[in-house]
Every structure is written in C-alpha cells, then in structure tokens.
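Novice: Need a 3D model of the following:
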Amino acid sequence: MSLSLEIDLLRSFVVIAEVRALSRAANRIGRTQSALSQQMKRLEEIVDQPLFQRTGRGVVLTNPGERLLAHAQRILRLHDEAMADLSGKGLSGTIRFGCPDDYAAVFLPPLLRQFSSQHPQALVEVICAPTPRLLEQLEMHALDLAMISLPDDTTNANIIRREPLVWVGSAGMDSAHFDPLPLALSDPDTLDHVAACEALRRVGRRYRIAYASSSLAGLTALVRSGQAFAVITQTAVASDLCIISDDPQLPALPAIGITLKFERDRPSHLSTAFAEHIRATLPLL
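Specialist: Below is the predicted model:
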C-alpha cells in the first residue's frame, strides 16, 4: 500500500518547525501535545525519516526535516490557494502595512504566511520603521495599518501583546568595564531609547550614545562588535547575543505594549481582516 503526505500532518509539521517547540505548537493548533507527537510520529513513518531532534530548548529540524519543510510549505500554499479560489472566500487587494524592525523579524513570517493561505489574492506591502515614523506615515496616508508600540499600560484594552525591554550585549561584555556606558539605540523619540536613558539617569549611571539608528540590523551589528549595549524587545534578541538580566550596573527596564492603528476610522474590509488575523494570532506566537 502506497503512503501519501496528508495535509493535516503537513500543517502541524510546519507550525512545529516555525515555533521549534511542541508545547507552543500545540497551543497554536489547538491540540494536545500528545496528539501532536502522535501526528509527527505518523509523518515520520510515512517519509521513513527522522524529522526532529529534541534539545533542551525544544526541537530542531533534521536534514530530512529541512527538506520536507520546503516541500510542505509549497504544498500547503497550493492547497490553500485552490480552496480559497474554489470556495470564493478569499479577499483580494493590497494592504500597506507598517511594522517596526524587531517585530517584523520575529512575527511577520508566520503572520503573513497564514494570512496568505486564507487570502492568496491579497498582497501585503510591508514598510519597516520605528513607531514614531510609522505614526507619521499614517498621518500622511502612506499606510493603511501599522503595528506600533505603546508604553505598557495595563488599563489599555487595545494592547494585543506585551514585550519586556531588555539590555543586550555580545558574549563576555561586562558593563562595569565601560564608563560612560556606550549605547546603540533607535531614534531618540522611540520607547526603547527613552526607557534606556531614563533608567540610567535614575540610578546615576553615565552613558553615551555610541550609535543611533532606526535599523535593528545596524544596532545589533554594533553590539556584535562588542562596542556598545542595546535595548530591544526580548523576543527580537538574536540567538548569538546575550540578554543581560543579572547585572547590578544595568537598571530594570519597563515592558511595552503592541497594538494596531488604522489610517482611517472606516478601514477597508481587507485591512480589517488582516487586523483581526493579527489580533487572533500574535498572542500565540
């Protein structure tokens, strides 16, 4: 009897590959971890290859798993396009979407992939910039929708997800060896920049802005060189950088809230659908 790749198994496999942990994947899919494990056992039997390797931090794909992931993503995209086309449920059009760099790197791939599977005829144009610049572009009607940062206010019902700000350095960096403390920060009116400077002033720690940029890639490059410390959201910290949480020289930082803002009071149906998708999916990522 010949075996075939089942859509349901492939969909679960892709989610596990994205989040790299069975527990998080189970929460997102709405299955138990045991049921998900059984699915992956079944998929490994079908392809007759080990797809995952367990580690202390979750799971990683094996070489056959990486190869299957590329096939699975193509199969699911074609499957979902066919279903959306034949059911007539897919929306079409273009959304101009703004997003800060640190959120784009972590959240956008799964957000866009899932939305595209439901609405293959919709195009999302992404513009990356810090929140103050995104707000300016919304005012100029250059964006339809933006994901923005707000000060963490527990009374704000519009906050979709909260993210702690953290101090970040390269391996082996010790803040005690620097006076003043060199910082790599985003634009002066961004929450991370303001939070870092206010926290250091509050404890009387001298600092200097060694590098200021709206580009997360530029900031992390300077941190990797060992020339400065940065403040970014915890989710966006690259695996080769270190979160500094036990340094008495570096004061505690606040959390920030993530929310959405439309360009107009009565947004398009497509913009509303994308916003609803983000509100439902972002807390699970």
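Novice: who does the helix ranked longest in the chain touch, helix- and strand-wise?
Specialist: Assignment by DSSP state H gives helix 63-87 as the longest helix of the chain. Counting by 3 or more CB pairs under 8 Å, 6 or more residues apart in numbering; DSSP states H and E, the packing neighbours recorded for helix 63-87 are helix 7-19, helix 101-118. C-beta: built from backbone N, CA, C; applies to glycine.
Novice: Dump the ones you listed to TSV, plus mean pLDDT and mean neighbour count.
Specialist: Supplementary listing: these in TSV, determined by pLDDT from 0 to 100; neighbours: other CB atoms under 10 Å:
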stretch	mean pLDDT	mean neighbour count
helix 7-19	90	19
helix 101-118	89	18
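Novice: Mind listing what's buried along the very next helix or strand once past the longest helix of the chain?
Specialist: Heading C-terminal from helix 63-87, the first helix or strand you meet, by DSSP states H and E, is strand 92-99. Residues of strand 92-99 classed as buried under the neighbour-count rule (16 or more other CB atoms under 10 Å) are Ile95, Arg96, Phe97, Gly98, Cys99.
Novice: Pick the one among these closest to Lys261.
Specialist: Ranking the buried residues of strand 92-99 by separation from Lys261, with CB to CB as the measure, puts Gly98 on top at 8.8 Å.
Novice: okay, how far is it across stretch 240-253, tip to tip?
Specialist: 21 Å (CA to CA, to the nearest Å).
Novice: hang on, isn't Ser271 packed against Asp144?
Specialist: Yes - taking contacts as CB atoms under 8 Å, Ser271 lies within contact range of Asp144: 4.8 Å.
Novice: hey, what's in contact with both of those two?
Specialist: For the pair Ser271 and Asp144, residues contacting each of them under the criterion CB atoms under 8 Å, 6 or more residues apart in numbering are Ile95, Phe262.
Novice: how about the helices of the stretch 101-250 of the chain, start to end?
Specialist: According to DSSP state H, counting those that start in this stretch, the stretch 101-250 of the chain carries its helices in the segments 101-118, 131-139, 191-202, 216-224.
Novice: The closest residue to Arg113 other than its chain neighbours: neighbouring residues, count only.
Specialist: With sequence-adjacent residues excluded and distances taken as CB to CB, 6 or more residues apart in numbering, Arg113 is closest to Gln73, at 7.7 Å. Neighbour count of Gln73, defined by other CB atoms under 10 Å: 16.
Novice: Now do the same for Gln73: its pLDDT.
Specialist: What the model reports as pLDDT for Gln73 is 85.
Novice: Pull the distance from stretch 176-191 to the chain's centre.
Specialist: Remark: stretch 176-191 is offset 23 Å from the chain centroid, using CA atoms, centre = their mean, to the nearest Å.
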